[in-house]
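Novice: sequence and predicted structure are below.
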Amino acid sequence: MKIHKRRKPIAELARELNPLIKGLIGYYHKFWEGGMRDVWNQLNHRLLKWVKWEKGLYKYASLRWLRLQYKQNPGLFAHWILVQP
């Protein structure tokens, strides 16, 4: 999906990805809850890579920015309810 190469605001990125994430939650997470943690962590890693690329920040500054987004709007991405970034 090349999330890290999209030049869009985070709200628009969330709007595009949430239907896919909700589908994964509805199907796979229901039956394979333990294994999905790796999927959510990988998605968070890709979001972190997007922040680094989009905002031009280093790793820890990107992580702080992404955590701030989580605190301001924990429902922005559907999987954030399950796994804190």
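Specialist: Yes, it's here. Numbers count the residues shown, from 1 in each chain.
Novice: tell me which residues touch G35, please.
Specialist: With contact set as C-beta atoms under 8 Å, 6 or more residues apart in numbering, G35 has these partners: Y28. (Glycine included, C-beta is placed from N, CA and C.)
Novice: how about the helix or strand in which it is found: buried residues?
Specialist: Using DSSP states H and E, G35 sits in helix 33-55. Across helix 33-55, burial judged by 16 or more other C-beta atoms under 10 Å covers 36, 39-40, 43-44, 47-48, 50-52, 54.
Novice: distance check, G34 against L13.
Specialist: Applying C-beta to C-beta, to the nearest Å, the value for G34 to L13 is 27 Å.
Novice: how many neighbours does I21 have?
Specialist: 19 (other C-beta atoms under 10 Å).
Novice: what's the helix or strand for it?
Specialist: helix 10-24.
Novice: any regions of this structure where pLDDT drops low?
Specialist: Scanning the chain for pLDDT under 70 picks out the ranges 33, 83-85.
Novice: quick one: the residue of the chain positioned farthest from its centre from I25, how far?
Specialist: Taking C-alpha atoms, centre = their mean, the residue of the chain most remote from its mean C-alpha position is F31, at 21.2 Å. Taking C-beta to C-beta as the measure, F31 falls 11 Å from I25.
Novice: likewise W50?
Specialist: Distance from W50 to I25, by C-beta to C-beta: 20 Å.
Novice: list of residues touching stretch 27-34?
Specialist: 35-36, 39, 82.
Novice: next, count neighbours for L17.
Specialist: 19.
Novice: the one 5 residues further on now?
Specialist: One way to gauge burial is a neighbour count; for K22, by other C-beta under 10 Å, it gives 13.
Novice: residue contacts, the nearest residue to it once chain neighbours are set aside?
Specialist: Closest residue to K22 apart from its sequence neighbours, by C-beta to C-beta, 6 or more residues apart in numbering: A78 at 4.9 Å. A78 is in contact with 18, 21-22, 25, counting by C-beta under 8 Å, 6+ apart.
Novice: and A78, how close does it get to H45?
Specialist: Taking C-beta to C-beta, one finds A78 at 17 Å from H45.
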